[in-house]
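1. One predicted model, sequence on top.
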Amino acid sequence: MSLDTISHVEIRPAGQKGLGVFATRDFKQGETVVVARRVCVLPQRTIYSIQVDWDVHIEMDEPAIRINHSYHPTTGVRDNRFGAYDFVALVDIAAGEEITFDYETTESDLTEAFQRCCPPRNEGSDLSRRGFSSLSAELRQRYGEFVANYLKS
């Protein structure tokens, strides 16, 4: 893992979301912002797990485990050699901006608890988002290659 991906982000309070990850320098679109490592494989989904295959949930190291969900994310995911994901800038990110990703780019389906805690805002008819398969063609195109590999097939 590059120290660059740790030294240019910080974990700090993110309002109602608890802790979040924030850029300490500017990142250009397409640049890797955070490189995550798998800490452990979990027997079932947890509040801090992330899905990496159809029946595999893992926990990632910090700062990745602290990256919050957004329906308008600053990063997308790319599978990496550490059994987790790289978080790649979907847009230019300014220093001080929160690093986020759309959980639906890694989850085949989302739990009811997630849906209650993170309902879509300003998404119009997008209230039925339940996981990757429910993403619109427009969103899939916007995220492009930056979704979990197992969801691409």
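-> Nice, thanks for sending it over. Residues are numbered from 1 along each chain as shown.
2. Please count neighbours and contacts with C-alpha atoms only from this point.
-> Will do.
3. got the contact list for P43?
-> Contacts here follow C-alpha atoms under 8 Å, 6 or more residues apart in numbering; on that basis P43 touches V56, H57.
4. Which of the helices and strands in the protein ranks last by mean pLDDT?
-> Ranked by mean pLDDT, DSSP states H and E, the weakest helix or strand in the chain is helix 112-117, scoring a mean of 55.
5. Quick check: next helix or strand after it?
-> Going down the chain from helix 112-117, the next helix or strand is helix 137-143, by DSSP states H and E.
6. For that next one, buried residues please.
-> Of the residues in helix 137-143, R140, Y143 count as buried by neighbour count, 16 or more other C-alpha atoms under 10 Å.
7. Remind me what it packs against, helices and strands.
-> Here helix 137-143 touches no other helix or strand, going by 3 or more C-alpha pairs under 8 Å, 6 or more residues apart in numbering; DSSP states H and E.
8. Please state the offset of that helix from the chain centre?
-> 15 Å (C-alpha atoms, centre = their mean, to the nearest Å).
9. okay, that helix in PDB with CA atoms only?
-> Extracted as PDB, the C-alpha positions of helix 137-143 are listed here (Å, rounded to 0.1, in the frame of the first residue of the first chain):
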ATOM      1  CA  ALA A 137     -28.600   2.200 -16.600                       C
ATOM      2  CA  GLU A 138     -27.700   5.900 -16.200                       C
ATOM      3  CA  LEU A 139     -26.000   5.200 -12.800                       C
ATOM      4  CA  ARG A 140     -24.200   2.100 -14.100                       C
ATOM      5  CA  GLN A 141     -22.900   4.200 -16.900                       C
ATOM      6  CA  ARG A 142     -21.800   7.000 -14.600                       C
ATOM      7  CA  TYR A 143     -19.900   4.500 -12.400                       C
END
